[in-house]
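[1] Here is my input; please provide its structure:
(2 chains)
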Amino acid sequence: MAKLATIREHMERYNPQEIEGKWRRFWEKRKAWKVNLGRAKKPYYNLMMFPYPSAEGLHVGNVYAFVGSDIHGRFQRMWGHDVFEPIGFDSFGIHSENFAIKKGTHPKEQTAKNIKHFTEQLKQLGALFDWDRAVITSEPEYYKWTQWLFLQLYKAGLAYKGKAPVDWCPSCKTVLADEQVIEGKCERCDSVVLQKDLEQWFLRITKYADRLLKNLETIDWSEKTKIAQRNWIGRTEGTSITFKIENSKEEIKAFTTRADTLYGATFLVLAPEHPLIASVTSKGIQEYVEAAKRKTELERRAEEKEKTGVFTGFYAINPLNKEKIPVWVADYALMGYGTGALFGDAHDERDVEFARKYTIPLKATVITGDKKQDQKILSLEQCFTEYGILVDSGPFTGMTSREAMKKVTEWLTEKGLGESKVTYHLRDWLISRQRYWGPPIPVIYCRKCRESTKHKTQSTNKSQNTKHKSQTEDRYGIDYVVINGVEYAIVLVPEKDLPVRLPKIKDFRPTGTGKSPLASVSSFMKTKCPVCKGSAQRETDVSDTFLDSAWYFLRYPCTEYANKPFDKKRIKKWLPVSMYIGGHEHAVLHLLYTRFITMALEDMGYIEFGEPFKKFRAHGLITKEGTKMSKSRGNVVNPDEYFVKYGADTVRTYLMFLGPMAEGGDWPDKGIVGVYRFFNRLWTLVAKPSLATAKLGLASELASELVNEVLRHKTIKKVTEDLENLRYNTAIAALMEYFNALQRSDKATREQINTLLILLSPFAPHLTEELWGKLGNKGSIHNQPWPKYNPRILKEEQLRLVVQVNGRVREVLSVARGISEKEAVALALQQEKIKKWFPSGKPKNVVFIKGRLLNLVSY
RNA sequence: GUCGGGGUGGCGGAACCGGUAGACGCGCAUGGUUCAGGACCAUGUGGGGUAACACCCAUGAGGGUUCGAGUCCCUCCUCCGACACCA
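    Numbering: from 1, shown residues only, chains lettered A, B, ... in the order given. Prediction:
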């Protein structure tokens, strides 16, 4: 007998492994989440950032992100949307290649292996993923179109090859984009980056700077992300001022945001890369420039940012007061910002520091109204950088800084000596990578074509980059590169020849020579020119991973089209993306690039929208004991053991219970058992034979207590609102509260429990499906409509009127909702706890907030 | 330095427009159940105070506005994140 009971008890226990596997197989077989993309009536594109499969498996941080997004998808699905929730792998790139190198395997094999394991793990999550449409960026079927995209960008004048000082990571042995350099270090491996002058491929994202900025107002994104983008774009308004050079026809345009300080200009500084310097023959200067370029960020840091510079030997004329000021070259001026030149004065800390070091005179022209400070500033003991009143500034004396900035700029503009200028922090996107594991850039260099088209190129000055050339549709014969002193025409690989396949080579490791490993594979490099059919060579660099991920969301709904990257009609139906959820670390990388590419595609006429994601929400970070999980720290938590111990439903729900989605949380605290207990208790309640028969069978009006009904509707309201706002943690709390009430009351009806299960189903899809069936309901719980609450029922609840005396709570009264102020005061004054505060029997003042509180004031 | 976000029990975190601070969960305590362990169930759990109430104190610190402040304003302390020689 005892044994039998134990077995029975065991059988009835909540066993996540058993039911989760069962339902997953069932759903997969039925293709339960499949959406017919062509026919769907209410398309909802629920997108999450796809993972880099650059590890053996998922960590709980990935799980957190995917589950949060999946819950949103499930919620939208139950609202009646046709939810398309795709998944894929961002499998090209340095992360994947580095991982393969570490493992000593070929990236192709390692990536395949990783993807296989990731897939197994992802399938355990119980998400709505459409696996038939999985996108893998390292497959030729995909990167063919990444290369196609590059060709279109080139034809539109948005891709160019140019020589520029670029950041080089000596460990990854490749150049990096501006965005991938963090505090002078490589984003991937933390190595200190070096500056190199290299000929590289760029995408002209700066052309879109203003649009990228302005459009932010039109999209529903987390404010944090928008701010990060605004900062990165870094639009600055200022003035460009033309300084004539003494005894020369040359002039220098200097950029400033403080035109009001122009009277105080006592020197001019050029960036070491400034074009004017190239024409200066003085040996000392050239040496300085070379040395500055060779400097690494580390060296600059070690010197504690000490500024260095050298006097050029010539002088410039201040257009305002005609003063003669020396022109210097210094490494604190940056070529990429403003005009690459600035004037130095006493109202900028960097200028002052530099001037002191080289004993260049300074002159203060701006002061505050404060007497004491006036003296200090005029004696130059202190560098005053704020706005103030102008002194010693000719006709501008006495003006405020703001006024003067305007007037000075106007004056200069009138005289043709300056103009308003806008500059940006944003730089063009450098996409060349001297690595193996990426899509080869589909370009061929042909010597013969260059020879035969040389006449087309007007200017022979090729010392600078191609940035400023005019844009035409067909640049054949005009654009060229110089390799080892020989000119080659840039010829695009014809679209019909795509993809340029990445050959499987043995020696795929980065070379460090400034060239991709592909450069030593002659079978790849040597090719025929598609124009002249003569022998030519291929570009051997591959493109940045972020180019792969800049358009993947367009591919998902169109994976069945082999002859085009995406289908216009399909795209029109499903895009822009309804909701995008992902990590905040991509705020200025992926999210900015993606917006740029979308705008470019719109301008080229391929799509009809300029913003890819209508709504974006950043999720927080899951940490381990307060620190970021990372492979290098070795504190990555593998979710597998938790799946085995507690099941996916518990892991899903627990992760969401940690805190608000936007804030992330710490894993693990022991709290996971709390959710597991909750599910066990739910299981027990539903499995109770008594519930399955008598009470559950009754109609709700007869059996339910009003209390439970009110709570049911309240819970629907709360959970619905919370899910809309991604406040999953409080939604779960409300569900627990509701469950606790049902369990306690012992009068729960089937409807009340069904509501609980439906509301819980986005969090715990397997468990709720099982219990839904156990209660004798038909069909899948996931096909149920989302419950609606009845506002009338919420009003039936008794009001708990808070009674305060002098703003402090003294009593809580249960009263009818419609109670009037008069009635409430009278009732309150009958209470012992209240009465004693009013010896006179009457309050001096009464504050009554209907439906909420009563405050009686005794003074 | 600049920009952004925080500081609430032993812990994770709740608290709509200013209106019962600490929901929900973890942990802990006591009791029940069990051969035992675990699991489970019940009750309690910010601090002081009380037999129990009452009452007092409490949301980083200090001040202010208000009938009433975690929430609004000012000053300061502190932690975290992003960017950083950007003129």
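
[2] Now the stretch 401-550 of chain A against RNA strand B: closest residue?
    Distances between the stretch 401-550 of chain A and RNA strand B by Cβ to the nearest atom of the strand are smallest at A:H425, namely 4.2 Å. The C-beta positions use only the backbone N, C-alpha and C, and glycine is treated the same way.

[3] Kindly report the same for the stretch 1-150 of chain A.
    Using Cβ to the nearest atom of the strand, the closest approach of the stretch 1-150 of chain A to RNA strand B is made by A:R13 at 8.6 Å.

[4] Would you agree A:K196 falls within a helix?
    No. Assessed with DSSP: H, G, I helix; E, B strand; the rest coil, A:K196 is strand; it does not lie in a helix.

[5] And what about the residue lying closest to it once chain neighbours are set aside, helix, strand or coil?
    On the basis of Cβ to Cβ, 6 or more residues apart in numbering, the spatially nearest residue to A:K196 that is not a chain neighbour turns out to be A:W168, at 4.4 Å. Assigned state for A:W168: strand (three-state reduction, three-state DSSP).

[6] Touching, A:W168 and A:T174? I think so.
    Yes. With contact taken as Cβ atoms under 8 Å, A:W168 and A:T174 are classed as touching, separated by 7.4 Å.

[7] picking that back up, how about the residue of the stretch 401-550 of chain A closest to RNA strand B, what does it touch?
    Contacts were defined as Cβ atoms under 8 Å, 6 or more residues apart in numbering; by that measure A:H425 touches A:N231, A:W232, A:I233, A:G234, A:R235, A:T236, A:Y337.

[8] what does A:V366 give?
    By Cβ under 8 Å, 6+ apart, the contact set of A:V366 is A:D260, A:T261, A:G264, A:H347, A:I377, A:F384, A:Y387, A:G388, A:I389, A:L390, A:V391, A:S401.

[9] separation between the residue nearest to the spatial centre of chain A and A:R595?
    Nearest to the mean C-alpha position of chain A, counting by Cα atoms, centre = their mean, stands A:A587 at 2.5 Å. Going from A:A587 to A:R595 by Cβ to Cβ, to the nearest Å gives 11 Å.

[10] go on, A:L742?
    A:L742 sits at a distance of 47 Å from A:R595 (criterion: Cβ to Cβ).

[11] Check A:E120 too.
    Here A:E120 is placed at a distance of 34 Å from A:R595 (Cβ to Cβ).

[12] who's more crowded, these two?
    The residue with the greater number of neighbours, taking A:E120 and A:R595 and applying other Cβ atoms under 10 Å, is A:R595; the counts read 23 against 12.

[13] tell me the contacts of the closest residue to A:G80 other than its chain neighbours?
    If the residues on either side of it in the chain are set aside, A:G80 comes closest to A:K42, at 6.2 Å by Cβ to Cβ, 6+ apart. Each residue near A:K42 by Cβ under 8 Å, 6+ apart is listed here: A:G80, A:H81, A:D82.

[14] Contact partners for the second one?
    With contact set as Cβ under 8 Å, 6+ apart, A:H81 has these partners: A:K42, A:P43, A:Y44.

[15] Equivalent analysis for the last one, please.
    By Cβ under 8 Å, 6+ apart, the residues touching A:D82 are A:V35, A:N36, A:A40, A:K41, A:K42, A:P43, A:Y44.

[16] same thing but at 10 Å, please
    Residues touching A:D82, when contacts are defined by Cβ atoms under 10 Å, 6 or more residues apart in numbering, comprise A:V35, A:N36, A:L37, A:R39, A:A40, A:K41, A:K42, A:P43, A:Y44, A:Y45, A:Q76, A:W574.
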